[in-house]
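Engineer: Build me a structure from this.
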Amino acid sequence: MLFQRTAAVFLRQFYLIRGSPARIFPLFVWVAIDIVLWGFISQYFGSFTGVGHTLLPSLLGAVLLWDFLTRVMQGVTMAFFEDVWSRNFLNVFASPISLPEYVGGLVLSSIATSLVGLLVMIAVAGAAFGLSLLVYGLMLMPFLLVLFLSGIALGIFGTAVVLRLGPSAEWFIWPIPAVVSPFAGVFYPVATLPEWMQVISRLVPPSYVFEGVRAIIAGGPLPGTSLLWGLGLSVLYILLACAFFTHVFRYAVRTGLIARYSAESVT
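Structural biologist: Residues are numbered from 1 along each chain as shown. All right, here's what the predicted structure looks like:
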């Protein structure tokens, strides 16, 4: 595996974004709107519930962290879609690049775009609402790591689905964060869910993150054991997603599907 080829995939995405304002704005505009919208909602609810001092960091912090996971996932899928939309996917694999090098380039692109989104969200939350997650210092890093790995796993899985079903299947990918969020307990404790949903929540790594964030805001200690469970599940899902992507790619090569890749669904 050559890092130069991985960097080449990232460099292509960099040039695409740099040369197009339409690609630059989504990196920070939508996340800024989310923070402003949920910040005012938190202030409104806090004004008549009497828990504004904890509601704002709990709700707005949850939005910030969940948007981070979403941006990580979309960083992988959008880099893949750029090759799909430009009919460049076959050209990429006509080169000497290997599958791990290509996926590594998608991950590098995701790191860059999600980092921009995270910095914008932290800046807007601090400037507009006085919320600074940086006060938690290094304590925040395990939470971000679990969310990052979870987003990478979802992104790789999503690209595999689109590779197998065709570009029109991208509409299956956008709702994935919304489908996962009820089980992750983003805005409420997992204990409020029905028992069958709680079982699924235990298999969703972000649920350990948001339970831990609420515990820290309430004055509790860092839930190290829970975060380790979340980290272990995230790594497991990345391995499974990579195995699934590899299986789909080999199927596409073996059946000639990769050569027939077009804007329509393929079967």
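Engineer: What helices and strands are in contact with the longest helix along the chain?
Structural biologist: Using DSSP state H, we find that the single longest helix of the chain is helix 52-85. Under the contact definition 3 or more CB pairs under 8 Å, 6 or more residues apart in numbering; DSSP states H and E, helix 52-85 sits against helix 3-18, helix 29-49, helix 99-129, helix 140-165, helix 176-184, helix 205-217. Glycine gets a C-beta too; all of them are placed from N, C-alpha and C.
Engineer: residues of the first one that come out buried?
Structural biologist: Translated: helix 3-18. Neighbour counts over helix 3-18 (16 or more other CB atoms under 10 Å) mark 5-6, 8-10, 12-13, 17 as buried.
Engineer: same thing with the last one?
Structural biologist: Neighbour counts using 16+ other CB under 10 Å place 205-214, 216-217 of helix 205-217 among the buried residues.
Engineer: can you check the longest one too?
Structural biologist: For helix 99-129, the buried set under the neighbour-count rule, 16+ other CB under 10 Å, comprises 101-118, 120-122, 124-125, 129.
Engineer: picking that back up, where among the helices and strands packed on helix 52-85 is average confidence lowest?
Structural biologist: For the helices and strands packed on helix 52-85, mean pLDDT drops lowest on helix 29-49, to a mean of 80.
Engineer: from the chain's centre, how far out does that helix sit?
Structural biologist: Remark: helix 29-49 is offset 21 Å from the chain centroid, using CA atoms, centre = their mean, to the nearest Å.
Engineer: In this structure G105 contacts F3, no?
Structural biologist: No. G105 lies out of contact with F3 (CB atoms under 8 Å); the separation is 9.9 Å.
Engineer: any shared contact partners between the two?
Structural biologist: Common neighbours of G105 and F3 (criterion: CB atoms under 8 Å, 6 or more residues apart in numbering): none identified.
Engineer: mind giving me TSV with the buried residues of helix 205-217 and columns for distance to W196?
Structural biologist: Shown next, in TSV, are the buried residues of helix 205-217 (distance: CB to CB, whole Å):
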residue	distance to W196
P205	19
P206	18
S207	14
Y208	19
V209	21
F210	19
E211	18
G212	23
V213	24
R214	22
I216	28
I217	28
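Engineer: Let me know the closest of those residues to R254.
Structural biologist: Comparing the buried residues of helix 205-217 against R254 with CB to CB picks out P205 as the nearest, at 32.5 Å.
Engineer: residues touching the closest one, list them.
Structural biologist: For P205, the contact set (CB under 8 Å, 6+ apart) comprises 146-147, 149-150, 229-231, 233-234, 237.
Engineer: tell me the two of these that are most distant?
Structural biologist: Longest span within the contacts of P205, CB to CB: L147 and W229, 14.2 Å.
Engineer: ok, those two, which is more surrounded?
Structural biologist: Taking neighbours as other CB atoms under 10 Å, L147 and W229 compare with L147 leading, 28 against 16.
Engineer: The more buried one contacts R71, doesn't it?
Structural biologist: No. Judged on CB under 8 Å, L147 makes no contact with R71 at a distance of 9.9 Å.
Engineer: backbone phi and psi for P223, please?
Structural biologist: When read as degrees, to the nearest 10, the backbone of P223 gives phi -80, psi 80.
Engineer: what's the neighbour count on it?
Structural biologist: A total of 20 residues lie near P223 under the criterion other CB under 10 Å.
Engineer: Make 565 the starting number, not 1.
Structural biologist: Yep, numbering from 565; the last one is P787 now.
Engineer: what residues are up against it?
Structural biologist: Going by CB under 8 Å, 6+ apart, P787 touches 772, 775-776, 779.
Engineer: Same check on L670?
Structural biologist: Contacts of L670 by CB under 8 Å, 6+ apart are 573, 639-640, 643-644, 719-720, 723.
Engineer: please redo it, this time with the cut-off set to 7 Å
Structural biologist: Residues near L670 by CB atoms under 7 Å, 6 or more residues apart in numbering: 573, 640, 643-644.
Engineer: Now for these, which sits with the most neighbours around it?
Structural biologist: When neighbours are counted by other CB under 10 Å, V640 leads these with 29 neighbours.
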